[in-house]
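**Student:** show me how the following folds:
(one chain, ligands or ions: 1)
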Amino acid sequence: MAVGIFDSGLGGLTVLNAAQKHLPDVPFLYFADSAHAPYGVRDAEDIYQLTRSAVQDLWNRGCNLVILACNTASAAALRRMQEEGVPAGKRVLGVFVPLIEALTERQWGDNSPPREVAVKHVALFATPATVASRAFQRELAFRAIGVDVEAQSCGGVVDAIEEGDLILAEALVRSHVDALKRKMPFPEAAVLGCTHYPLMEATFQAALGPDVKVYSQGDLVASSLADYLKRHPNMLGEGEGGFLTTGKPGFVSDRATQFLRRQITFQAA
Ligand code: DGL
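**Tutor:** The predicted structure is shown next:
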């Protein structure tokens, strides 16, 4: 049995890491489309085609459930994949909803009409494709009213993380936070709307200041996954866990090992 976790590259490891803590007995099959990362500068059609083929690969390997641990893929491809129909017994889920439910203080599956919530000024940091999709604002509008969202498209950060250039990644994060603050000087909350960004969470928090609550997706997605699997144990699937990449396995393994501070060994997809 295995649950699939997909990202364009290493960012989904922030979700995998949290999922392994919440569900220590569940094997996960992680798929990094490193050869095509970053997705955030691609157009929606391209992101859809790449995401669909990776998810299909995970389904073919025995996973029944695939988590898109990638906001860019969730924004550009998830709805279209679900509308086109998925094979019987298979499922694909994204990462937006658990985060928005936390931000709007909702319980899982609370579909009551949108209402006023405590937080009024929210900074969203995400890839250019996620920002352009406005998917975050759309999902938020289903649940909350009166929330002002200022989105900052963080070009370059995913590339720098994938290359392991953390000095460049830090400099870029600081400059994107400065740009956000010029548009919204006092956000109450900041959403790290790309699964790569929690790898830079300390830099985001330092640049935003201690009064800003920073939301990242790892634990939120992991606890909603644990809940989902309790209700749908048949979605545990077949096959074995492991790490697959379309990139160079040695290079990707070194970066992953550096980020998670434990040995991670990728195989060629
Ligand atoms: N981790 C992906 C996300 O959450 C990064 C996308 C990219 O490859 O640009 O959006």
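**Student:** what parts of the protein come near the ligand?
**Tutor:** Residues of the chain lying near the ligand by CB under 6 Å from any ligand atom: 7-9, 11, 37-40, 70-72, 127, 130, 158, 194-196. Placement of C-beta: from N, CA and C, glycine included.
**Student:** my guess is residue 124 contacts residue 147. True?
**Tutor:** No: using CB atoms under 8 Å, residue 124 is not in contact with residue 147; the gap is 10.7 Å.
**Student:** with neighbour numbers in mind, choose between the two.
**Tutor:** residue 124 (26 against 21; other CB atoms under 10 Å).
**Student:** tell me the secondary structure for that one?
**Tutor:** Put simply, residue 124 is strand when judged by DSSP: H, G, I helix; E, B strand; the rest coil.
**Student:** distance check, the residue lying closest to it once chain neighbours are set aside against residue 161.
**Tutor:** In this structure, residue 124 finds its nearest non-sequential neighbour in residue 151, 4.4 Å apart by CB to CB, 6 or more residues apart in numbering. According to CB to CB, to the nearest Å, residue 151 and residue 161 sit 20 Å apart.
**Student:** these two: which has the busier surroundings?
**Tutor:** In this view residue 151 and residue 161 are compared by other CB under 10 Å, and residue 161 has more residues nearby, 25 against 21.
**Student:** and the next element down the chain from the helix or strand hosting residue 79?
**Tutor:** Per DSSP states H and E: residue 79 is located in helix 79-84. Next helix or strand after helix 79-84 toward the C-terminus (DSSP H and E): strand 91-93.
**Student:** residue 114: neighbour count?
**Tutor:** Residue 114, neighbours per other CB under 10 Å, totals 14.
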